[in-house]
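Novice: Fold the stuff below for me.
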Amino acid sequence: AEKIKRHASFIPQQEKAVCIVRDADCMTVELQNKLLKVLEDGEKTLSVIFITSKELIDTVTSRCMRLEFKKIPLAQMAMEPEFKSMALLLACDGSKELYKKIEGDTSFCQYLEGFLSSLCSIKDRKKLKNILRLTHSLKENDKEYLPASLEGWQMRAYLNMIKMLYWHILIKKMGLSIPTYLHFGALSNLYEVHEAEIIYRRAEDAISRSEKNGAFSKNDFFELMMYMVPVG
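Specialist: As a prediction, the model looks like this:
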């Protein structure tokens with residue numbers, strides 16, 4: 001609260017300061033109450049934007065304008081000509097901004113598309129060499145198959161792609177209709193329903209841990225990749 005007031009005091013007259021509070025749902029009730037005075041005193045000179053996935057206390061929300069941001073269905077994005085890459089569609093998880101960010105990173109974009117293409121072209125369990133090479137590169141820090149480093153947003157995009165791919169494989173295995181823009185090749189034939197579900201759940205947990213800890217270790221990633229290799 002004091003930091004917001006201090007920074008706002010440096011804004012020239014006739015202008016308005018803007019403060020963005022990420023993960024606002026992590027604030028304690030005590031802190032939210034302290035911010036009430038800031039919101040009231042800075043009504044004409046300060047705008048505070050709370051980014052949150054949960055409700056804040058009533059006295060704070062009553063002083064705010066509520067704006068909801070929802071993910072766009074992948075099928076809807078796939079119909080728009082500017083979103084052509086299946087790998088990026090799966091990786092962005094319904095966020096046009098993330099799609100554009102990945103698209104702007106040429107090497108990472110090619111890495112995602114290359115891995116997904118190799119994965120979907122696999123026809124039998126004995127030819128999952130790409131995943132095995134990737135797990136080896138993670139273990140040995142071999143940059144031929146793995147970028148030198150993955151930033152937090154890149155790791156989440158990669159995990160999103162894996163999660164969404166296996167989610168749709170799971171749907172197909174259950175006999176439900178899947179979007180026509182998805183092409184798995186013979187990949188879905190390599191997995192049983194429970195195998196696809198395990199990989200989906202593990203990828204979902206990995207994303208949660210990545211967001212919570214701000215990082216996802218190579219050992220975690222190595223373990224996840226190993227689970228993607230079908231047994232039998």
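
Novice: For the lowest-mean-pLDDT helix or strand in the chain, output the C-alpha coordinates as PDB.
Specialist: Least confident element among the helices and strands of the chain, by mean pLDDT, DSSP states H and E: helix 129-140 (a mean of 72). Taking Å, rounded to 0.1, in the frame of the first residue of the first chain, the C-alpha atoms of helix 129-140 are listed here in PDB:
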ATOM      1  CA  LYS A 129      12.900 -42.000 -30.400                       C
ATOM      2  CA  ASN A 130      12.200 -38.300 -30.400                       C
ATOM      3  CA  ILE A 131      10.900 -38.400 -26.800                       C
ATOM      4  CA  LEU A 132      13.700 -40.600 -25.800                       C
ATOM      5  CA  ARG A 133      16.200 -38.200 -27.400                       C
ATOM      6  CA  LEU A 134      14.500 -35.300 -25.600                       C
ATOM      7  CA  THR A 135      14.700 -37.000 -22.200                       C
ATOM      8  CA  HIS A 136      18.300 -37.800 -22.800                       C
ATOM      9  CA  SER A 137      19.100 -34.200 -23.800                       C
ATOM     10  CA  LEU A 138      17.400 -33.000 -20.600                       C
ATOM     11  CA  LYS A 139      19.500 -35.300 -18.600                       C
ATOM     12  CA  GLU A 140      22.800 -34.500 -20.400                       C
END
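
Novice: tell me which residues in it are buried?
Specialist: Neighbour-count burial for helix 129-140, counted by 16 or more other C-beta atoms under 10 Å, picks out 130-131, 133-135, 137-138. For the C-beta atoms, the positions are set from N, CA and C on the backbone; glycine is no exception.

Novice: Check which helices and strands it is in contact with.
Specialist: On a contact count with 3 or more C-beta pairs under 8 Å, 6 or more residues apart in numbering; DSSP states H and E, helix 129-140 meets helix 106-120, helix 218-227.

Novice: With mean pLDDT as extra columns, can I get those helices in CSV?
Specialist: Formatted as CSV, the helices and strands packed on helix 129-140 follow (pLDDT from 0 to 100):
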stretch, mean pLDDT
helix 106-120, 87
helix 218-227, 78
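
Novice: any chance of these in CSV, plus mean neighbour count?
Specialist: CSV is the format used below for the helices and strands packed on helix 129-140 (neighbours: other C-beta atoms under 10 Å):
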stretch, mean neighbour count
helix 106-120, 16
helix 218-227, 16
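
Novice: right, so of the ones you listed, which gets closest to Lys54?
Specialist: helix 218-227 (26.1 Å; C-beta to C-beta).

Novice: quick one on the thing from earlier: and the helices and strands packed on helix 129-140: which comes nearest Pro81?
Specialist: Per C-beta to C-beta, nearest to Pro81 of these: helix 106-120, 17.4 Å.

Novice: Now tell me what touches the closest one from outside.
Specialist: Here helix 106-120 makes contact (C-beta atoms under 8 Å, 6 or more residues apart in numbering) with 85-88, 90-91, 102-103, 130-131, 134, 147, 154, 157-158, 161, 165, 183-185, 187.
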